[in-house]
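1. got a sequence here, can you model it:
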Amino acid sequence: MKLHIGLTSSSAGWQTILQQEGVPFSVLVSPDQLNVEGFSVVVVNDNSPKRWKGMLDGYLRAGGALLMTGENYQRHFAREGKRKSIRFLRGEPGSRFERIGLVDIFSTGTIYQDARLCPTNDGLPSVVVERVGNGIITVFPVDPGELVLDARTTQKYFYSPGGRHPSEHVSLVSRGGIRRMVHAALEYLHNERGLPYCHVWYFPDGAENVFAVRVDSDYGTHDEIESVYQFAEDHQIKLSWYLHTESHKSWLSRFASMDGHEIGIHCNEHAILKSYAGSRADIMKARELVQQQGISPVGFVAPFGVWSSELGKAIEEFGFLYSSEFSFDYDNLPSYPWMGAAWNSVLQIPIHPICIGSFRRLGSGINEMIEYFSRVVAWKRAVQEPLLFYHHPKDGCHPVLEFLIDALKRSGARSLLFRDFAAWWKERFSMNLAVEFDKSGLAIEGSLSPRVSLHITKGTQEALVPSGLSIDFSKVQWREKMPVPSLPVDITSIRSFSLHKTVGAFWTVLRRKQK
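-> A predicted model of the protein is given here:
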């Protein structure tokens, strides 16, 4: 029995998600390919599934599993659904989707009366799970493949237990939440078929998780930079620094002497880089200045976290290994941006978009910040997302930074630099594997690096095993999954309309200089 995902139509968005997950998949060329032994789950993402109807019915009744959108469910099974505007949906405690959290959709979807899972902002359940013959179907109200390509951005608020919610300008759609939805559905559908869910692990060298802290040097003085550097040395961690070169022009040599730390580019002039010409000129100037100090940067992070396709073209031209902008994506796994006709070659590394400075703008106290970051670390550990955070030297507040570093170390995550994580993910994306399952375990074929592990789940249990040609389940050390922290009962309040929030977001964007 192959553990293999079939797509009824080619899709850049679905390819993004499935590559992030690290599962074997292929596009079905013909309905004749369908059989329950060759495909563990089939994703029906074709807008015209009529030609597939007969074979999909046969596959399903023979014990197959389908993951489909609300529109295709309506076409294929002639069910009556209602088109609804959906701002967000969320997982419920104890449900198979509880690990998705609050997922921003901001799109139109199809809702069915027999939906039982993932309530929307209107309180309506949005996800259908239905048995047909010996098979099973999961129906999402929207198409994940379309949503992960959504380029809209907005000012968003992030829940803080202290009541004053910090905000940042980020991607409108929660791409990470969409991926978690797909992960939960694939895991469930495999398990309902009596199959394990197996995918390439998200972290290198068998690490349970990884953490990295980046420092955007925005306007930092020599003393402020030195303070953060000494803090890192005292706590025995290495940081990834991204330089605002105009601010440090007369003493850039200091960064060249930071042994073991990573030095990348933030900007020369701290402004939103929107046009191709403006982006190219600014990056070229910054790169020239750091190269004069013997620094060869491989990473770039844009001012204010603003990404655009024009910026994407510029950073690709300079040959950067990776970039990191939370207006493209945040709280998610790495991916390559789809540019409409081809993939951008610069890997995107999403981070958590809230930093100490976000709270300082609110006038928040140390305890409030600590409580916030404690919750974020616990959540990201439970949902197996990399623990990637950022800081500004001008923000100071070292007691909070110390708490965060200690929490990351206590989590068991491995410390690394952004460039090392990006290089490993690039290697991970290049791998191909095929997985065969029988009751005794798995047989693996393909090109797998010894730095890669496989993550296997069945029911409430999981295992992390080194990649190899065969995996004997009797020798695997299974463990219970880490419990996920409960969502706050009032978490949806951060998505309620507020004139104050809207005006504040408008002025935040208006004050930022653009190039």
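2. for residue 455, give its distance to residue 485.
-> Here the distance between residue 455 and residue 485 works out to 21 Å (Cβ to Cβ, to the nearest Å). In this view, the C-beta of every residue, glycine as well, is placed from N, C-alpha and C.
3. ok, those two, which is more surrounded?
-> A count of neighbours by other Cβ atoms under 10 Å puts residue 455 above the other of residue 455 and residue 485, at 18 against 14.
4. show me the contacts for the more buried one.
-> By Cβ atoms under 8 Å, 6 or more residues apart in numbering, the contact set of residue 455 is 198-202, 462-464.
5. for my notes, confirm it occurs in a strand.
-> Yes: judged by DSSP: H, G, I helix; E, B strand; the rest coil, residue 455 forms part of a strand.
6. just to revisit the earlier point, closest one of the contacts of residue 455 to residue 419?
-> Nearest to residue 419 among the contacts of residue 455 is residue 202, at 17.4 Å by Cβ to Cβ.
7. for this structure, which residue occupies the most central location?
-> By Cα atoms, centre = their mean, the chain has its centre lying nearest to residue 332, at 1.3 Å.
8. pretty sure residue 21 contacts residue 185?
-> No: applying Cβ atoms under 8 Å, one finds residue 21 not in contact with residue 185, separated by 11.0 Å.
9. more neighbours, those two?
-> A count of neighbours by other Cβ under 10 Å puts residue 185 above the other of residue 21 and residue 185, at 23 against 20.
10. leaving out chain neighbours, which residue sits closest to that one?
-> If you skip the residues right next to it in sequence, residue 185 has residue 138 as its closest partner in space, 4.7 Å away by Cβ to Cβ, 6 or more residues apart in numbering.
11. might one say that that neighbour is in contact with residue 128?
-> Yes: here residue 138 reaches residue 128: they are 7.1 Å apart, a contact under Cβ under 8 Å.
12. now the closest residue to residue 345 other than its chain neighbours: which helix or strand?
-> Using Cβ to Cβ, 6+ apart and skipping residues adjacent in sequence, the residue nearest residue 345 is residue 316, 5.5 Å away. In this assignment (DSSP states H and E), residue 316 forms part of helix 309-317.
13. circling back: ok, what's across the strand from the residue nearest to residue 185?
-> Residue 138 has the following beta-bridge partners by DSSP bridges: residue 67, residue 129.
14. residues touching it, list them.
-> Residues counted as contacts of residue 138 (Cβ under 8 Å, 6+ apart) are 65-68, 127-129, 185, 188-189.
15. relative to residue 368, how far out is it?
-> 39 Å.
16. contacting residues for the residue nearest to the centre of the chain?
-> For residue 332, the contacting residues are 20, 175-176, 179, 350, 385, taking Cβ under 8 Å, 6+ apart as the criterion.
17. if we go to 10 Å?
-> Each residue near residue 332 by Cβ atoms under 10 Å, 6 or more residues apart in numbering is listed here: 20, 148, 171, 174-180, 326, 348-351, 385-386, 388.
18. try residue 381
-> Contact criterion Cβ under 10 Å, 6+ apart gives 208-209, 211, 387, 407-408, 411-413, 482, 484-485 as the residues in contact with residue 381.
19. kindly report the same for residue 454.
-> Contact criterion Cβ under 10 Å, 6+ apart gives 22, 198-201, 433, 435, 442, 444, 448, 463-468, 471 as the residues in contact with residue 454.
20. thinking again about what came up before, not counting sequence-adjacent ones, nearest residue to the residue nearest to the centre of the chain?
-> Spatially, and ignoring its direct neighbours in sequence, residue 332 is nearest to residue 176 (3.3 Å; Cβ to Cβ, 6+ apart).
21. neighbouring strands for the next helix or strand after the helix holding residue 316, and are they parallel or not?
-> For helix 309-317, the succeeding helix or strand toward the C-terminus, using DSSP H and E, is strand 322-323. Each strand that strand 322-323 pairs with, and the sense of that pairing, follows from DSSP bridges: strand 299-300 (parallel), strand 347-348 (parallel).
22. can I assume residue 405 is in contact with residue 413?
-> No: no contact is recorded between residue 405 and residue 413 when judged using Cβ atoms under 10 Å, the distance being 11.2 Å.
23. which neighbours do these two share?
-> residue 211.
24. ok so, going back, of the contacts of residue 454, which belong to strands?
-> The strands in this structure, assigned by DSSP state E, contain 198-200, 433, 435, 442, 444, 463-466, 471 from the contacts of residue 454.
25. in ChimeraX, how would I select the buried members of the residues you listed?
-> In ChimeraX, a selection of the buried entries from the ones in strands among the contacts of residue 454 looks like this (16 or more other Cβ atoms under 10 Å):
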select :198,199,200,433,435,442,444,463,464,465,471
